[in-house]
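Trainee: Fold the following for me, if possible:
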Amino acid sequence: MPFWLQKTARRISFSGSTLIVLALAGCKMGPTFVPPRQDEAAKPWVSRAGHVEAKPIASHVVPEPTEASWWASFNDPVLTSLEQRVAANNLDVQTATVRLAESRAQLGGTRAALFPSFNGAASYQRLKPISDRAVQVGLGKAGLNGLLAESGQKIEVPPIDYFRYGIDASWEIDLWGRVRRHVEAGEAQLQQNQEARRATLVSAMAEVALDYMRLRNVQADIDIVRRNADVARQNLHLAQQRQVGGLGSDLDVQNARAQLALTESALPALETQQTALINALSLLLGQAPQALSGELIVPRPVPPVPPRVPVGLPSDLVRRRPDVRQAEATLHEATANIGVAEASFLPRVIINANLMMSALTFADMGNWGSNTYGIGPMITLPIFEGGRLKANLDMATQQQKEAAIAYRKTVLQAFHDVSNAMAAYEDEQRRNEALRQSVDADRRAVGLAQNAYRNGLVMFLDVLNAERQLLAAERDLADSDAAISTNLVQLYKALGGGWENDAPVPAPAPVVKTYWPAKAE
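Mentor: Down below sits the predicted model:
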């Protein structure tokens, strides 16, 4: 065969082999992950506001797109300021951010397996034989000294400098997609950590709003108790006047004094709750105890709810809730691990190459004639592993099934959370309206009882009972006002609000500051 024909045939053979390798490198073992569909997501939210037996409420849920900054709907500047600071200052969010950075770095190491690795090496040795036996190679049993014994000469072998340097490379050809499936699993794990951070952020934002509502509720209770204490103080003064005028008895005076003391006794416990809630908010923002006292100690009313609450559609919930997205990423990782396990049954092809230069003097290190090189494939094929590979595949398959069940449960739990939160939000509004009517009636009853007592028509005990009932009703109404707002926060949390899909992840601070209260002098 002519030389040019042999050369052409070798080129065709090499090109065909290259195409086969590239084609094999494009395949991946294992199932391809497809995001699961949810039939429940196509159904609209079911609200009880439209039921015939349901009474009308002031605030309704509407199937409109939700807002990421849901706290702005309360129109409370203090709450808005707290929510804007929690993302950067909350220590749990900072911890989740660091974990996300760790996962991103780990993924970078996993992706490195897709590319060749190059390593350089250099060495120097100074060699000297310890006897003439080191130079007997090729001289027979007599040795070098024996060869020269007749002449009486003795040869001393000088030390030898030996320089060596070069590079070596290694690259695994990912024929079956083992490395790519491993990278895919790493990317899914990164997504899990990203959603875990978002879940932490959503939880922290909701907890700030809940504690803020509770704080304003406690401050409202303090105001109610103080106002009722003023009324009890006036009743005591009235009972004392009637006793002096001979129209009342000392029993009425003592009952009035006891009512005043009982009313005022509720203040210390409420003030303790106020301090604890301010400290809880300070902790959520990574601050020292009482650090937020200056901006929170001034009482403000419980933020009212908006008349319309956008809740989106169930299909939005699946894409928005961090725990659902995290469960989907877990399922994705488990699916990719099946491909990794399947590829472990097949051969691995690794291309190794090296180029080394050696010389006896430093000046000759650049001499190309002293180089050695090598290149070639290494193929490893599992022959007998004692069932380990099959066990790994079975475990990966079962883990994928477990992740699928967990995803299904997470989605159902999300729908239940929203349904329960909507019911609690709407029902509390109806309860609030009934309590408001009760408070109005109790206030009128107190006024009537006081007038009747002044005219001597009823006993003072009737006045005390009316005031006790009014105090309890007013506190119940204040608690209900706060419950409406807190239930709305719970609804926003159930909807997965409080984050942007493309929100940047702030880099963690290089130095973590620890805040401690100043020591008392």
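Trainee: Going by C-alpha atoms from here, please, whenever you check contacts or count neighbours.
Mentor: Will do.
Trainee: Work out for me the element the closest residue to Leu435 other than its chain neighbours sits within.
Mentor: The spatially closest residue to Leu435, leaving aside those adjacent along the chain, is Leu477, at 5.7 Å (C-alpha to C-alpha, 6 or more residues apart in numbering). If you go by DSSP states H and E, Leu477 is part of helix 460-494.
Trainee: Does anything pack onto that helix? Which helices or strands?
Mentor: Where contact means 3 or more C-alpha pairs under 8 Å, 6 or more residues apart in numbering; DSSP states H and E, helix 460-494 is packed against helix 178-244, helix 250-264, helix 388-454.
Trainee: For Pro35, find the nearest of the ones you listed.
Mentor: Proximity to Pro35, assessed across these by C-alpha to C-alpha, is greatest for helix 388-454 (10.5 Å).
Trainee: The closest one packs against which elements?
Mentor: Using 3+ C-alpha pairs under 8 Å, 6+ apart, helix 388-454 sits against helix 314-320, helix 322-343, helix 460-494.
Trainee: the inter-axis angle of it versus helix 460-494?
Mentor: Computed by axes from the mean of the first three to the mean of the last three C-alpha atoms, to 10 degrees, the angle separating helix 388-454 from helix 460-494 equals 150 degrees.
Trainee: circling back to that earlier point, out of the helices and strands packed on helix 460-494, which gets nearest to Ser59?
Mentor: helix 388-454 (7.9 Å).
Trainee: Need the mean per-residue confidence for that closest one.
Mentor: Rounded to a whole number, the mean pLDDT of helix 388-454 is 92.
Trainee: Now find how far off-centre it is within its chain.
Mentor: Distance, stretch centre to chain centre, for helix 388-454: 22 Å (C-alpha atoms, centre = their mean, to the nearest Å).
Trainee: And for stretch 303-317?
Mentor: Distance of stretch 303-317 from the chain centroid (C-alpha atoms, centre = their mean) equals 23 Å.
Trainee: ditto for stretch 261-275
Mentor: Remark: stretch 261-275 is offset 38 Å from the chain centroid, using C-alpha atoms, centre = their mean.
Trainee: swap in stretch 287-297?
Mentor: Using C-alpha atoms, centre = their mean, the mean C-alpha position of stretch 287-297 is found 26 Å from that of the whole chain.
Trainee: which residues does the nearest residue to Arg436 once chain neighbours are set aside contact?
Mentor: Leaving aside its chain neighbours, Arg436 sits nearest to Leu477 (6.4 Å; criterion: C-alpha to C-alpha, 6+ apart). Going by C-alpha atoms under 8 Å, 6 or more residues apart in numbering, Leu477 touches 432, 435-436, 439.
Trainee: returning to what we had before: and the helices and strands packed on helix 388-454, which one is worst for confidence?
Mentor: If you rank the helices and strands packed on helix 388-454 by mean pLDDT, helix 314-320 sits at the bottom with a mean of 80.
Trainee: by contact count, what packs against that one?
Mentor: Checking 3+ C-alpha pairs under 8 Å, 6+ apart, helix 314-320 ends up next to helix 322-343, helix 388-454.
Trainee: May I have the shortest one as PDB, with CA atoms only?
Mentor: The C-alpha trace of helix 322-343 is given here as PDB (Å, rounded to 0.1, in the frame of the first residue of the first chain):
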ATOM      1  CA  PRO A 322     -38.600  27.700  49.800                       C
ATOM      2  CA  ASP A 323     -39.300  24.400  51.400                       C
ATOM      3  CA  VAL A 324     -41.000  23.100  48.300                       C
ATOM      4  CA  ARG A 325     -38.200  24.300  46.100                       C
ATOM      5  CA  GLN A 326     -35.700  22.700  48.500                       C
ATOM      6  CA  ALA A 327     -37.600  19.400  48.400                       C
ATOM      7  CA  GLU A 328     -37.500  19.500  44.600                       C
ATOM      8  CA  ALA A 329     -33.800  20.100  44.700                       C
ATOM      9  CA  THR A 330     -33.400  17.100  47.000                       C
ATOM     10  CA  LEU A 331     -35.300  15.000  44.600                       C
ATOM     11  CA  HIS A 332     -33.100  16.300  41.700                       C
ATOM     12  CA  GLU A 333     -30.000  15.400  43.600                       C
ATOM     13  CA  ALA A 334     -31.300  11.900  44.400                       C
ATOM     14  CA  THR A 335     -32.200  11.400  40.700                       C
ATOM     15  CA  ALA A 336     -28.700  12.400  39.600                       C
ATOM     16  CA  ASN A 337     -27.100  10.100  42.100                       C
ATOM     17  CA  ILE A 338     -28.800   7.200  40.300                       C
ATOM     18  CA  GLY A 339     -26.800   8.100  37.200                       C
ATOM     19  CA  VAL A 340     -23.600   8.200  39.200                       C
ATOM     20  CA  ALA A 341     -24.300   4.700  40.600                       C
ATOM     21  CA  GLU A 342     -25.200   3.300  37.200                       C
ATOM     22  CA  ALA A 343     -22.000   4.700  35.600                       C
END
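Trainee: Which elements pack onto that helix?
Mentor: Helices and strands touching helix 322-343, by 3+ C-alpha pairs under 8 Å, 6+ apart, are helix 178-244, helix 314-320, helix 388-454.
Trainee: and among the ones you listed, the most buried is which?
Mentor: The highest average neighbour count among the helices and strands packed on helix 322-343, using mean count of other C-alpha atoms under 10 Å, belongs to helix 178-244 at a mean of 22.
Trainee: Just give me how far that one sits from the chain centre.
Mentor: With C-alpha atoms, centre = their mean, you get 20 Å for helix 178-244.
Trainee: by how many degrees do that helix and helix 250-264 diverge?
Mentor: 160 degrees.
Trainee: Quick one: mean pLDDT for helix 178-244?
Mentor: 92.
Trainee: That helix to helix 322-343, inter-axis angle?
Mentor: Here the directions of helix 178-244 and helix 322-343 differ by 160 degrees (the same axes, to 10 degrees).
Trainee: follow-up on the earlier one: could you dump the helices and strands packed on helix 460-494 to JSON lines with distance to Met365?
Mentor: Below are the helices and strands packed on helix 460-494 laid out as JSON lines (distance: least, C-alpha to C-alpha, whole Å):
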{"stretch": "helix 178-244", "distance to Met365": "38"}
{"stretch": "helix 250-264", "distance to Met365": "95"}
{"stretch": "helix 388-454", "distance to Met365": "48"}
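Trainee: do you know which of the ones you listed lies nearest Pro36?
Mentor: That would be helix 388-454 among these, by C-alpha to C-alpha, at 8.9 Å.
Trainee: coming back round to it: quick one, which of the helices and strands packed on helix 460-494 gets closest to Ser103.
Mentor: The nearest among these, by C-alpha to C-alpha, is helix 178-244 at 5.5 Å.
Trainee: Show me what the closest one is packed against.
Mentor: Secondary-structure packing of helix 178-244 (3+ C-alpha pairs under 8 Å, 6+ apart): helix 77-89, helix 91-111, helix 250-264, helix 266-284, helix 322-343, helix 460-494.
Trainee: Pick the most deeply packed of the helices and strands packed on helix 388-454.
Mentor: Among those, highest average neighbours (mean count of other C-alpha under 10 Å) belong to helix 322-343, with a mean of 25.
Trainee: In the sheet, which strands lie alongside whichever helix or strand comes after that helix, parallel or antiparallel?
Mentor: Sequence order places strand 348-359 as the next helix or strand after helix 322-343, per DSSP H and E. Strand 348-359 has its sheet partners listed here by DSSP bridges as strand 160-173 (antiparallel), strand 371-380 (antiparallel).
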